[in-house]
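Asks: Structure here, sequence nowhere to be found:
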């Protein structure tokens, strides 16, 4: 017979040993890739103030910059693992630290209009430990040719 708890009550906690090479993303459970049923309630959630920013009309060569703010309205810390655009002219930047439930943060997106003209719509995909694991924000507007 094996005595596993040595007389200590089971408090439901499980020790997590951290490898020095392990990142926060390895520790925080991602609901979309975990080995358990998908948890859509007890997860981090990104609630954006706005998902589409219309920059209006600018002249070709202008740099358009916008800050998309959000709040973690979920129940666990939120961790952004990546943010990307399909075009090298659109560059997102974000905080790599975890965001506690109820706390806010932002993703800054910069769009270089050089060699762009007419109507533009640039999508930025954000990957995080949320459900769904991908969110998208957009910059849109009109670029006047020089």
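Replies: It's in. What you see is a predicted model, and the numbers here were worked out from it, not measured in a lab. Numbers count the residues shown, from 1 in each chain.
Asks: number of nearby residues for residue 65?
Replies: Look at residue 65: counted by other Cβ atoms under 10 Å, it has 13 neighbours. From N, CA and C alone the C-beta is placed, and that goes for glycine too.
Asks: and the residue nearest to it when sequence neighbours are not counted, bridged to which residues?
Replies: Excluding its sequence neighbours, the residue lying closest to residue 65 (Cβ to Cβ, 6 or more residues apart in numbering) is residue 110, at 4.9 Å. On the basis of DSSP bridges, residue 110 is bridged to residue 65, residue 91.
Asks: likewise residue 127?
Replies: Here residue 127, judged by DSSP bridges, has bridge partners residue 82, residue 134.
Asks: Distance of it relative to residue 42?
Replies: Residue 127 sits 19 Å away from residue 42, taking Cβ to Cβ, to the nearest Å as the criterion.
Asks: And these two? Which one has more around it.
Replies: Legend: neighbour count by other Cβ under 10 Å for residue 127 and residue 42, higher for residue 127 (18 against 11).
Asks: show me where pLDDT drops low in this structure?
Replies: 1-39 (pLDDT under 70).
Asks: quick one: the strands in it?
Replies: 46-48, 52-59, 63-72, 80-85, 90-94, 104-112, 118-128, 134-144 (DSSP state E).
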